[in-house]
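Engineer: Pasted the sequence and its predicted model underneath.
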Amino acid sequence: GYTDFDALSLKFYSLYSTCKEQLSNQRHYDWGLRNILSVLRTMGATKRENLDKPEAFLVYRTLRDMNLSKLVAQDVPLFLSLLADLFPGMSPPAKGSYPDEEKVLAKVVEKYGLVYHDP
(Lines give C-alpha, C1' and ligand atoms only; values in the text may rest on other atoms or scores of the structure.)
Protein backbone atom coordinates (compact mmCIF):
# COMPACT_ATOMS: atom_id res chain seq x y z
CA GLY A 1 0.00 0.00 0.00
CA TYR A 2 0.82 3.65 0.01
CA THR A 3 2.87 4.96 2.93
CA ASP A 4 1.96 8.63 2.37
CA PHE A 5 -1.77 7.90 2.27
CA ASP A 6 -2.77 10.79 4.57
CA ALA A 7 -1.51 13.55 2.28
CA LEU A 8 -2.43 11.74 -0.93
CA SER A 9 -5.98 10.98 0.22
CA LEU A 10 -6.52 14.68 0.96
CA LYS A 11 -5.37 15.55 -2.56
CA PHE A 12 -7.69 12.90 -4.01
CA TYR A 13 -10.63 14.21 -1.98
CA SER A 14 -9.83 17.84 -2.82
CA LEU A 15 -9.62 17.07 -6.54
CA TYR A 16 -12.95 15.25 -6.68
CA SER A 17 -14.72 17.83 -4.51
CA THR A 18 -13.44 20.68 -6.64
CA CYS A 19 -14.26 18.87 -9.89
CA LYS A 20 -17.81 18.30 -8.70
CA GLU A 21 -18.18 22.00 -7.91
CA GLN A 22 -16.28 23.69 -10.74
CA LEU A 23 -16.39 21.51 -13.83
CA SER A 24 -19.40 21.69 -16.10
CA ASN A 25 -22.36 19.54 -15.15
CA GLN A 26 -22.25 16.54 -17.49
CA ARG A 27 -24.47 13.49 -17.15
CA HIS A 28 -21.57 11.11 -17.72
CA TYR A 29 -19.32 12.63 -15.02
CA ASP A 30 -19.05 10.37 -11.99
CA TRP A 31 -17.26 11.74 -8.94
CA GLY A 32 -18.96 9.29 -6.58
CA LEU A 33 -18.10 6.07 -4.83
CA ARG A 34 -18.19 3.85 -7.91
CA ASN A 35 -15.52 5.95 -9.62
CA ILE A 36 -13.52 6.38 -6.42
CA LEU A 37 -13.39 2.60 -5.90
CA SER A 38 -12.24 2.09 -9.48
CA VAL A 39 -9.50 4.72 -9.09
CA LEU A 40 -8.36 3.21 -5.77
CA ARG A 41 -8.09 -0.26 -7.31
CA THR A 42 -6.07 1.14 -10.20
CA MET A 43 -3.86 3.09 -7.81
CA GLY A 44 -3.12 -0.15 -5.94
CA ALA A 45 -2.23 -2.01 -9.14
CA THR A 46 -0.10 0.92 -10.29
CA LYS A 47 1.77 0.96 -6.98
CA ARG A 48 2.44 -2.80 -7.13
CA GLU A 49 3.83 -2.46 -10.68
CA ASN A 50 5.98 0.61 -9.90
CA LEU A 51 7.53 0.15 -6.47
CA ASP A 52 10.51 2.32 -7.43
CA LYS A 53 8.51 5.45 -8.37
CA PRO A 54 7.34 8.19 -5.97
CA GLU A 55 3.83 7.66 -4.65
CA ALA A 56 2.70 11.21 -5.49
CA PHE A 57 3.76 10.64 -9.11
CA LEU A 58 1.72 7.42 -9.28
CA VAL A 59 -1.38 9.07 -7.80
CA TYR A 60 -1.04 12.07 -10.14
CA ARG A 61 -0.73 9.79 -13.19
CA THR A 62 -3.61 7.52 -12.15
CA LEU A 63 -5.97 10.41 -11.42
CA ARG A 64 -5.11 12.08 -14.72
CA ASP A 65 -5.31 8.95 -16.86
CA MET A 66 -8.54 7.64 -15.35
CA ASN A 67 -10.45 10.92 -15.62
CA LEU A 68 -9.07 12.87 -18.56
CA SER A 69 -10.75 10.78 -21.25
CA LYS A 70 -14.17 11.33 -19.65
CA LEU A 71 -13.98 15.11 -19.69
CA VAL A 72 -15.44 17.39 -22.32
CA ALA A 73 -12.89 19.64 -24.02
CA GLN A 74 -13.88 22.77 -22.12
CA ASP A 75 -13.16 21.08 -18.76
CA VAL A 76 -9.73 19.63 -19.62
CA PRO A 77 -7.66 22.78 -18.93
CA LEU A 78 -9.29 23.32 -15.53
CA PHE A 79 -8.84 19.66 -14.57
CA LEU A 80 -5.15 19.72 -15.54
CA SER A 81 -4.73 22.99 -13.66
CA LEU A 82 -6.29 21.47 -10.54
CA LEU A 83 -3.90 18.53 -10.74
CA ALA A 84 -0.93 20.88 -11.15
CA ASP A 85 -2.08 22.88 -8.10
CA LEU A 86 -2.43 19.72 -6.00
CA PHE A 87 0.98 18.39 -7.03
CA PRO A 88 3.12 21.57 -7.11
CA GLY A 89 6.64 21.30 -8.45
CA MET A 90 5.91 17.98 -10.11
CA SER A 91 6.11 17.75 -13.87
CA PRO A 92 3.09 16.07 -15.42
CA PRO A 93 3.77 12.36 -15.95
CA ALA A 94 4.49 11.36 -19.53
CA LYS A 95 1.63 9.92 -21.51
CA GLY A 96 1.75 6.19 -22.02
CA SER A 97 3.19 4.87 -25.25
CA TYR A 98 2.01 1.73 -26.95
CA PRO A 99 4.24 1.20 -30.00
CA ASP A 100 3.19 -2.42 -30.64
CA GLU A 101 -0.52 -1.59 -30.52
CA GLU A 102 0.01 1.47 -32.73
CA LYS A 103 1.73 -0.66 -35.39
CA VAL A 104 -1.18 -3.10 -35.43
CA LEU A 105 -3.64 -0.24 -35.58
CA ALA A 106 -1.80 1.36 -38.52
CA LYS A 107 -1.93 -1.96 -40.43
CA VAL A 108 -5.67 -2.34 -39.82
CA VAL A 109 -6.30 1.26 -40.88
CA GLU A 110 -4.31 0.70 -44.08
CA LYS A 111 -6.07 -2.61 -44.77
CA TYR A 112 -9.48 -0.94 -44.71
CA GLY A 113 -8.38 2.16 -46.60
CA LEU A 114 -8.86 4.53 -43.70
CA VAL A 115 -6.77 7.55 -42.78
CA TYR A 116 -4.24 7.07 -39.98
CA HIS A 117 -3.45 10.04 -37.75
CA ASP A 118 -0.33 9.98 -35.60
CA PRO A 119 -1.13 9.87 -31.87
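Structural biologist: That came through fine. This is a predicted model, so every value here is computed, not measured.
Engineer: quick one, helices of the protein?
Structural biologist: 5-22, 33-49, 55-68, 76-86, 99-111 (DSSP state H).
Engineer: among those, which is the most enclosed?
Structural biologist: helix 55-68 (a mean of 19; mean count of other C-beta atoms under 10 Å). Every residue, glycine included, has its C-beta placed from N, CA and C.
Engineer: neighbouring contacts of it?
Structural biologist: 2-4, 8, 11-12, 15, 19, 38-39, 42-43, 46-47, 50, 76, 79-80, 83, 86-87, 90, 92-93, 96 (C-beta atoms under 8 Å, 6 or more residues apart in numbering).
Engineer: In contact with Gly44, which residues are there?
Structural biologist: Neighbour list for Gly44: Gly1 [criterion: C-beta under 8 Å, 6+ apart].
Engineer: my bad, Ala45
Structural biologist: Contacts for Ala45 (C-beta under 8 Å, 6+ apart) come out as none.
Engineer: Any figure for the gap between Ser17 and Leu82?
Structural biologist: 10 Å (C-beta to C-beta, to the nearest Å).
Engineer: Any chance of TSV for the helices of the chain, columns mean pLDDT and distance to Asp118?
Structural biologist: Output for the helices of the chain, formatted as TSV (pLDDT from 0 to 100; distance: least, C-beta to C-beta, whole Å):
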stretch	mean pLDDT	distance to Asp118
helix 5-22	96	30
helix 33-49	95	27
helix 55-68	95	19
helix 76-86	97	20
helix 99-111	91	9
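Engineer: Got the phi and psi for the nearest residue to Phe79 once chain neighbours are set aside?
Structural biologist: Distances taken as C-beta to C-beta, 6 or more residues apart in numbering place Leu71 nearest to Phe79, at 5.7 Å, with adjacent residues excluded. For Leu71, the backbone dihedrals (degrees, to the nearest 10) come out as phi -80, psi 150.
Engineer: Test my guess that Leu71 contacts Leu23.
Structural biologist: Yes. Counting by C-beta atoms under 8 Å, Leu71 does reach Leu23; the two are 7.2 Å apart.
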